[in-house]
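> quick check, what structure comes out for this input:
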Amino acid sequence: MDSNKTRVWHGVLIVLLPLLLMTRCVGQQVSTSTANGSEVSANYSTEARYTRLEEEMQAVMTALSETRRQLDASHEQIEELRHELGVISAQLPMTTSQTNVDGSNQTAADLKNAVTQLQENDGILQAQVKQLDQTKVESVSKYPVKISGLILFTSLLNNGSVDDVYLPTLAVPRTTYMSSHSLTATMRQSVFGLDAKGPHLWGAQTSGDFRVDFFGGAPTAGYDASAGTLRMRTAHFTVDWPGTSIIASVDTPLISPLYPASYLSVAQPALAWSGNLWTWAPQFQVNQRFSAPGHGSAEVEFGLIDPATPTPRILENPQQPSPGESSRQLGYETRFQYAFSPGDRPMVIGAGGYYARQSYSQIQHVDAWAGTADWKIPLGSRLEVAGEAYRGRGIGGLGGGAFKDYVFDATTGRVSGLDAVGGWSQIKARLTASLEANGAFGQDSGYAGEIRYTHSPLASVYQGLARNRTVLGNVIFRPRAYIVLSGEYRNIHTWQVVGPANQANIFGLAAGYLF
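Down below sits the predicted model:
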């Protein structure tokens with residue numbers, strides 16, 4: 001350490017020596033000017049010059065003394081740190097040995113496993129970072145877009161004649177020229193969708209989404225069981241404030257917000273035409289939410305709707321205006337909901353109303369209307385009861401009234417709205433976190449007296465349909481968050497205005513992957 005101090009002093013002298021020489025040269029120049037009798041020699045005499053030089057040297061020596069003092073203090077601190085480090089190093093083996101004696105330390109194998117696990121976790125994190133760093137979906141607007149959907153395989157064993165072997169809704173009369181038994185498989189009920197979030201508008205969050213499937217019809221090809229036409233299911237454009245929402249959509253009527261649980265019936269909801277008002281129709285809605293005393297909340301909804309014409313899929317003609325569109329006014333719908341949340345799952349009760357004007361000629365008009373009720377009630381921690389009920393007239397376009405809005409009397413030429421009543425209910429049992437069982441019952445009835453009065457013996461199955469009832473039970477198993485396996489039994493009873501009821505029993509299996 002003394003050699004270090006010597007080197008420091010040598011460095012200081014080397015730095016100061018040029019300064020002293022420069023100062024001496026300056027003094028000589030000043031002295032020369034004095035001998036010549038210049039004005040500068042009068043101000044700076046030789047004695048004053050040496051006095052100033054001594055003052056500067058004294059200041060330099062003071063600074064050097066302070067620097068040396070700081071160096072000495074630093075040296076002492078370093079020595080103290082070295083001493084403490086030596087003490088700690090000496091105590092470390094003793095501590096490790098004592099820890100081993102107590103049995104509380106990790107063995108070498110445990111440490112190795114821990115390091116290996118950390119390396120694996122680091123590899124996983126690096127892979128996830130690389131994945132997130134990739135561009136998945138990019139829109140022109142640069143706002144986030146998310147892909148979602150369901151790849152779904154369904155297979156049905158039909159025992160009885162049905163209207164659609166891939167998605168049975170009705171049991172139809174058995175005939176000699178058509179088999180009453182079938183085994184089918186398809187993936188046309190798979191669903192694809194996009195969800196997007198847009199910019200804020202007037203303090204509201206904008207968003208949009210749409211869903212399509214492949215059940216819009218089968219192409220005229222030899223593989224129509226597996227190939228289907230792309231079809232719009234639902235779509236929404238939403239402007240959402242904290243308590244208010246404005247929605248332009250294609251969706252189910254707001255007076256019918258619930259669905260029974262089923263993965264065998266996705267192309268149209270389960271119990272469709274058996275008490276579930278479901279048809280997807282263009283709508284414009286305004287929702288207002290309120291807080292209620294205690295744990296409750298309330299919601300009021302109002303909407304305009306353009307319901308579809310209640311004809312079978314193969315007979316629809318979108319080129320012609322529907323009776324509702326011919327009236328030159330949309331339908332009106334409203335719903336009130338109250339939710340009470342004493343626990344984790346809320347109890348929800350709602351009531352709704354619907355009105356639409358239908359025109360069938362210049363003088364033939366029908367006032368369509370409906371009143372509805374819906375409920376979702378938890379029973380304990382594992383059970384839940386949900387359902388809907390309705391009573392109305394001219395509601396075939398909403399998915400009720402036995403596929404009919406009206407009845408026509410050929411003898412008088414009179415058109416009148418068909419009265420209808422129906423509903424459904426389901427009980428859900430959550431057996432485990434990944435397994436649930438559901439049982440549901442639904443029925444839709446047009447007033448048989450009104451249909452019989454105008455029924456023709458040569459009418460089609462749909463024109464003579466008076467009542468349709470479906471009972472189903474299923475088990476849904478989700479071993480992973482994105483994998484769905486389900487088995488289902490379904491019994492369909494369908495009544496015409498004349499003759500006995502037709503019956504079909506359906507057994508189905510479904511396997512799906514959610515993404």
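
> wait, what's in contact with S141?
Contact partners of S141, counting by C-beta atoms under 8 Å, 6 or more residues apart in numbering, are G198. To be clear about C-beta, it is placed using only N, CA and C from the backbone, and glycine gets the same treatment.

> 10 Å instead?
196, 198-199 (C-beta atoms under 10 Å, 6 or more residues apart in numbering).

> one more: F290?
Contacts of F290 by C-beta under 10 Å, 6+ apart are 243, 296-300, 338.

> picking that back up, let's see the PyMOL selection covering just the buried ones among the contacts of S141.
Remark: buried members of the contacts of S141, expressed as a PyMOL selection using 16 or more other C-beta atoms under 10 Å:
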select buried, resi 196+198
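
> what segments of the stretch 351-500 of the chain are helices?
448-454 (DSSP state H, counting those that start in this stretch).

> all strands of the stretch 151-300 of the chain, in order?
181-186, 191-201, 204-213, 231-240, 244-251, 281-291, 296-305 (DSSP state E, counting those that start in this stretch).

> about what we covered before: of the contacts of F290, closest to G397?
V300 (23.9 Å; C-beta to C-beta).

> skipping adjacent residues, who's closest to that closest one in space?
Distance criterion C-beta to C-beta, 6 or more residues apart in numbering; nearest residue to V300, sequence neighbours excluded, is Q288 at 4.9 Å.

> mind listing what the one you found touches?
Q288 touches 241, 243-245, 298-302, counting by C-beta under 10 Å, 6+ apart.

> pick the one among these closest to V366.
Distances from V366 to these, taken by C-beta to C-beta, are shortest for F302, at 22.7 Å.

> residues contacting that closest one?
254, 284-288, 332-335.

> closest one of those residues to L398?
E333 (9.3 Å).

> burial count for that closest one?
Other residues within reach of E333, judged by other C-beta atoms under 10 Å, total 25.

> buried set for the helix or strand harbouring it?
Per DSSP states H and E, E333 falls inside strand 331-340. By 16+ other C-beta under 10 Å, the buried positions in strand 331-340 come out as 331, 333-335, 337-340.

> can you tell me the average pLDDT over that strand?
In this model, strand 331-340 has an average pLDDT of 95.

> want to throw the contacts of S141 into JSON lines with distance to A218 and pLDDT?
What follows is these, written out as JSON lines (distance: C-beta to C-beta, whole Å; pLDDT from 0 to 100):
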{"residue": "A196", "distance to A218": "31", "pLDDT": "94"}
{"residue": "G198", "distance to A218": "36", "pLDDT": "90"}
{"residue": "P199", "distance to A218": "41", "pLDDT": "90"}
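
> the contacts of S141 into JSON lines, with extra columns for distance to L157?
Compiled in JSON lines, the contacts of S141 are given as follows (distance: C-beta to C-beta, whole Å):
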{"residue": "A196", "distance to L157": "40"}
{"residue": "G198", "distance to L157": "46"}
{"residue": "P199", "distance to L157": "51"}
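
> just the pLDDT at the residue nearest to the spatial centre of the chain, thanks.
Most central in the chain under C-alpha atoms, centre = their mean is D195, positioned 8.0 Å from the mean C-alpha point. At D195, the model reports a pLDDT of 95.

> bridging residues for it?
Per DSSP bridges, the residues bridged to D195 are K146, D209.

> touching, it and T234? I think so.
No - counting by C-beta atoms under 10 Å, D195 stays clear of T234, with 11.7 Å between them.

> any residues in contact with both of the two?
209-211.

> of these - the most surrounded one?
Within the shared contacts of D195 and T234, most neighbours by other C-beta under 10 Å means R211, with 21 neighbours.

> one step back: now the contacts of Q288 as a markdown table including distance to T412?
A markdown table is the format used below for those (distance: C-beta to C-beta, whole Å):
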| residue | distance to T412 |
| --- | --- |
| W241 | 53 |
| G243 | 52 |
| T244 | 49 |
| S245 | 47 |
| A298 | 47 |
| E299 | 45 |
| V300 | 42 |
| E301 | 40 |
| F302 | 38 |
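
> okay, domains of the protein per the record?
2-101, 165-180+236-504 (automatic domain parsing).

> chain center to the last one, what's the gap?
Spelled out, it's domain 165-180+236-504. Computed by C-alpha atoms, centre = their mean, to the nearest Å, the chain-centroid distance of domain 165-180+236-504 equals 25 Å.

> what about the stretch 1-150 of the chain, any weak spots by pLDDT?
1-56, 60, 63-65, 67-68, 75, 87, 89-116, 119-139 (pLDDT under 70).

> where does R82 land in three-state SS?
Counting by DSSP: H, G, I helix; E, B strand; the rest coil, the backbone at R82 sits in helix.

> distance check, it against I88.
11 Å (C-beta to C-beta, to the nearest Å).

> next one: Q77
16 Å.

> where do the strands sit along the stretch 351-500 of the chain?
Counting by DSSP E, counting those that start in this stretch, the strands of the stretch 351-500 of the chain are 365-379, 383-393, 406-409, 414-417, 419-430, 435-446, 465-480, 483-496.

> among these, which gets the worst mean confidence?
Looking at the strands of the stretch 351-500 of the chain, the weakest mean confidence is strand 406-409, a mean of 84.

> what are the contacting residues of that strand?
310, 323, 358, 360, 364, 366, 368, 393-394, 396, 401, 414-419, 446-447, 450-456, 463.

> just the buried ones from those, in PyMOL syntax?
Filtering these down to the buried ones (16+ other C-beta under 10 Å) takes a single PyMOL command:
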select buried, resi 310+323+358+366+368+393+394+396+401+415+416+417+418+419+446+447+450+451+454+455+463
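
> returning to what we had before: tabulate the strands of the stretch 151-300 of the chain in CSV, adding columns for distance to L435.
Shown next, in CSV, are the strands of the stretch 151-300 of the chain (distance: least, C-beta to C-beta, whole Å):
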stretch, distance to L435
strand 181-186, 24
strand 191-201, 23
strand 204-213, 26
strand 231-240, 28
strand 244-251, 30
strand 281-291, 34
strand 296-305, 31
